[in-house]
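> heads up, no residue letters with this:
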Ligand code: ATP
Ligand code: MG
């Protein structure tokens, strides 16, 4: 009962968040955000979950800071959702490696795991709300299928891109690219 109640609570939270983003679209709280700092913060938050699953979490960066213009809370949500997925869909003994690359006009974040992977044909659908690959397989992970729909919206309002590479049984890499200067329309 407790597990179901937690699950319901997180479902309601995610649905509210998605609805808010869809309705308010571009109402972002824009600030200068350090992506290195954000990813490190999220690692701290999720370290316990990774350790519990015996999944190693590593971070590589090419500069001490990677500043972009963005909404800090929403960006943090992107990293939480993607890194949580990487940990969730990676079996014990696996590795989740994060890489932040600061380039001239963009910042790229790679979230790579050695997990169960996805079929090419499934990839376009994973960003749909409530879509989960093979419900039986993911049932015990207790999610609702909203995480990536939220990620996609947040990336869109930041004019960023999200790319996925995956192979069944080998792993998955999500590649995010942010432009440093968010074009204001
Ligand atoms: P939640 O709403 O709690 O995040 P979820 O994790 O099932 O639930 P999404 O984060 O939207 O939902 O992911 C959708 C589906 O995409 C997952 O159910 C899973 O099947 C697949 N998926 C996402 N990330 C990965 C990954 N790193 N490796 C393998 N499959 C993944
Ligand atoms: Mg998820």
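Received, thanks. Everything quoted here is computed from the prediction, not taken from an experiment. Ligands and ions are numbered 1, 2, ... in the order given.

> thought residue 86 was touching residue 111?
Yes - the criterion here is CB atoms under 8 Å, and residue 86 meets it with residue 111 at 5.5 Å. C-beta coordinates here come from the backbone N, C-alpha and C atoms, glycine included.

> joint contacts of the two?
96, 174 (CB atoms under 8 Å, 6 or more residues apart in numbering).

> higher neighbour count, those two?
Neighbours per residue (other CB atoms under 10 Å) separate residue 86 from residue 111, with residue 86 holding more: 27 against 22.

> is it true that the more buried one lies in a helix?
Yes - applying DSSP: H, G, I helix; E, B strand; the rest coil, one finds residue 86 inside a helix.

> residues contacting the residue nearest to the spatial centre of the chain?
Geometric centre of the chain, nearest residue: residue 82, 2.1 Å, by CA atoms, centre = their mean. Residues near residue 82 by CB under 8 Å, 6+ apart: 111, 147, 151, 174, 176.

> ok, and the closest non-adjacent residue to the fourth one?
On the basis of CB to CB, 6 or more residues apart in numbering, the spatially nearest residue to residue 174 that is not a chain neighbour turns out to be residue 111, at 4.6 Å.

> around ligand 1, which positions in this protein sit nearby?
14, 81, 85-86, 89, 113, 115-118, 126, 131-133, 138, 143-149, 172 (CB under 6 Å from any ligand atom).

> neighbours around the closest residue to residue 161 other than its chain neighbours, how many?
Of all residues not flanking residue 161 in the chain, residue 177 sits nearest, at 4.8 Å (CB to CB, 6+ apart). By the other CB under 10 Å criterion, the neighbourhood of residue 177 contains 17 residues.

> circling back to that earlier point, ok, the residue nearest to residue 174 to ligand 2 distance?
Relative to ligand 2, residue 111 is positioned 12 Å away (CB to the ion, to the nearest Å).
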